[in-house]
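Trainee: below are the sequence and a predicted model; questions follow.
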Amino acid sequence: MSRFKKIVSILAFGSLLLSCNKASDNGSLFDSYDQKTMLGNIADAVLIPTYAQFASSTLDLKTKYTAFLTNPDSVHFVAVQSSYLQLVNSWAGVEPFNLGPINDKLWAVQINTWPVKAYKIEAAISANASASTQGADAKGMKALEYLLFDSSFSAAWQQLSSAPGAVNRANYAASVITDLDAKASVLAQDWASTYREEFVQALGNDVSSSLGLLVNAIALNLDEVKNMKVGNTIGLGVKVNDNLSHPDLVEYARANASLGAMQQNLISLKDAFNGGSGQGIDDLLNFVQAKKDGQDLSVLVNAQFDDALTKISGLHKPFQLAVVSQKQDVVALFQSLKKLIAFFKVDIANNLGVTITFSDTDGD
């Protein structure tokens, strides 16, 4: 073995020992940290209210849509569209946390497969089928967007009220809403009852601990926002990497709701990190004295959340225009999210001894 290779081997082994010692040290520190209080606060202040809001929003949409079916005028349809946009934000708050009941039941894909298949939705409508009998790519949040929004308000309204086939179409939309409402109600009940205690009792930092699951969920959602919701639209994503603008790949393009949904994703993630105004992951990082470049890691992470949120606020609506007219600003958002992901996948994971379990999508 050459002297250079020996040096590299020694350095690598030393790094491994430091990493192991860090995880071991944190493991002992966890014994003196009240992790139950932290997890209980995250559940009570962030996760349970978020799922409750999602259930409340689906019920509101169901109520508004039932009123529209009774009196399908433009006023009632405006109320339906407005309620859907509120539901988009409520779902965006829940979306990052694919753990617990929603993961056990494999309902995330049932609620929000994207993109949906328009031809499958149209086939279900023609057959006067129910959403409960359809696959994930013909129902859920994005199927509702397809049914409730079109190139213009009048086009969407008429498709569900007076155009040929409107009865079948309206009935299918009702079944999609009913399916969503049923799932949202069960998830909210599960979190408020049985799963809260499971979440609070899963202590430690291994892959099955609540801390491990939560850090992974946050990192994974940030990765999806960066690559799927932002990166692909400017040709810097995983599926699309040609450095060109792709407004056709914007999420919620028909409803013009993309920026609001992304903003709510980050707000919800930041709330979980901080435990709202109570104990959160930030406090645990402070407890283990996590630093980066001489600064508290928790402070740097919060500053990076704020930076990404500020960059979203600086984009013009709708997002499908911004990816063309403000492409450099969207690229800046992409880079900001990249830094934020690195904090979770590298710095937070290393300082807390958490293993990142999902595969990198772009090496970041």
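Mentor: Arrived safely.
Trainee: any idea how far residue 172 is from residue 160?
Mentor: 10 Å (Cβ to Cβ, to the nearest Å). (Each C-beta comes from the backbone N, C-alpha and C, glycine too.)
Trainee: cool, and residue 297?
Mentor: 50 Å.
Trainee: re earlier: so what sits against both of residue 172 and residue 160?
Mentor: residue 147 (Cβ atoms under 8 Å, 6 or more residues apart in numbering).
Trainee: do me a favour and average the pLDDT over stretch 256-264.
Mentor: On average, the pLDDT along stretch 256-264 is 98.
Trainee: and what of stretch 307-327?
Mentor: Rounded mean pLDDT across stretch 307-327 is 97.
Trainee: so which bits of that stretch are buried?
Mentor: 307-309, 311-312, 315, 318-320, 322-323, 326-327 (16 or more other Cβ atoms under 10 Å).
Trainee: any chance of those residues in TSV, plus secondary structure and distance to residue 58?
Mentor: Below are these laid out as TSV (DSSP: H, G, I helix; E, B strand; the rest coil; distance: Cβ to Cβ, whole Å):
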residue	secondary structure	distance to residue 58
307	helix	33
308	helix	28
309	helix	26
311	helix	30
312	helix	25
315	coil	28
318	coil	24
319	helix	24
320	helix	26
322	helix	29
323	helix	30
326	coil	33
327	helix	35
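Trainee: okay if I get those as TSV plus distance to residue 212?
Mentor: Listed next are those as TSV, based on distance: Cβ to Cβ, whole Å:
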residue	distance to residue 212
307	26
308	24
309	26
311	29
312	28
315	33
318	37
319	33
320	37
322	36
323	35
326	37
327	37
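Trainee: among those, which one lies nearest to residue 275?
Mentor: residue 309 (18.1 Å; Cβ to Cβ).
Trainee: between the buried residues of stretch 307-327, which is closest to residue 89?
Mentor: Residue 89 has its nearest neighbour among the buried residues of stretch 307-327 in residue 312, at 13.4 Å by Cβ to Cβ.
Trainee: how much space between the closest residue to that closest one other than its chain neighbours and residue 113?
Mentor: With Cβ to Cβ, 6 or more residues apart in numbering as the criterion, residue 312 has its nearest non-adjacent residue at 5.1 Å, and that residue is residue 263. To residue 113, residue 263 is 22 Å away according to Cβ to Cβ.
Trainee: again with residue 301
Mentor: In terms of Cβ to Cβ, residue 301 sits 31 Å off from residue 113.
Trainee: neighbour count: these two, which is higher?
Mentor: Set side by side, residue 301 and residue 113 show more neighbours around residue 301, with 24 against 18, by other Cβ atoms under 10 Å.
Trainee: contacts only, for the closest residue to the more buried one other than its chain neighbours.
Mentor: Spatial nearest neighbour of residue 301, chain neighbours left out: residue 343 (5.0 Å); criterion: Cβ to Cβ, 6+ apart. By Cβ under 8 Å, 6+ apart, the contact set of residue 343 is 297, 300, 301, 304.
Trainee: so which of those comes closest to residue 331?
Mentor: Closest to residue 331, out of all of the contacts of residue 343 and judged by Cβ to Cβ, is residue 304, at 16.5 Å.
Trainee: what's the domain layout of this structure?
Mentor: The record's domain parsing of the chain by automatic domain parsing lists 48-197, 204-364.
Trainee: including distance to residue 41, could these go into a markdown table?
Mentor: Formatted as a markdown table, the domains of the chain follow (distance: least, Cβ to Cβ, whole Å):
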| stretch | distance to residue 41 |
| --- | --- |
| domain 48-197 | 11 |
| domain 204-364 | 4 |
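Trainee: out of those domains, flag the one nearest residue 32.
Mentor: Closest approach to residue 32 among those is made by domain 204-364 (8.7 Å; Cβ to Cβ).
Trainee: can you show me the strands along the stretch 251-364 of the chain?
Mentor: Taking DSSP state E, counting those that start in this stretch as the criterion, the stretch 251-364 of the chain carries its strands at 291-292, 295-296.
Trainee: out of those, which one sits most buried?
Mentor: strand 291-292 (a mean of 16; mean count of other Cβ atoms under 10 Å).
Trainee: helices or strands up against it?
Mentor: Helices and strands touching strand 291-292, by 3 or more Cβ pairs under 8 Å, 6 or more residues apart in numbering; DSSP states H and E: there are none.
Trainee: let's test this: mean pLDDT of that strand, rounded?
Mentor: For strand 291-292, the per-residue pLDDT averages 97.
Trainee: go on, stretch 123-141?
Mentor: 98.
Trainee: same deal with stretch 191-211?
Mentor: 96.
Trainee: output the below-cut-off pLDDT ranges for the stretch 51-200 of the chain.
Mentor: Along the stretch 51-200 of the chain, no part satisfies pLDDT under 70.
Trainee: can you give me the helices for it?
Mentor: Using DSSP state H, counting those that start in this stretch, the helices of the stretch 51-200 of the chain run over 74-94, 101-104, 108-112, 118-126, 141-148, 153-161, 166-190, 196-201.
Trainee: done for today, thanks.
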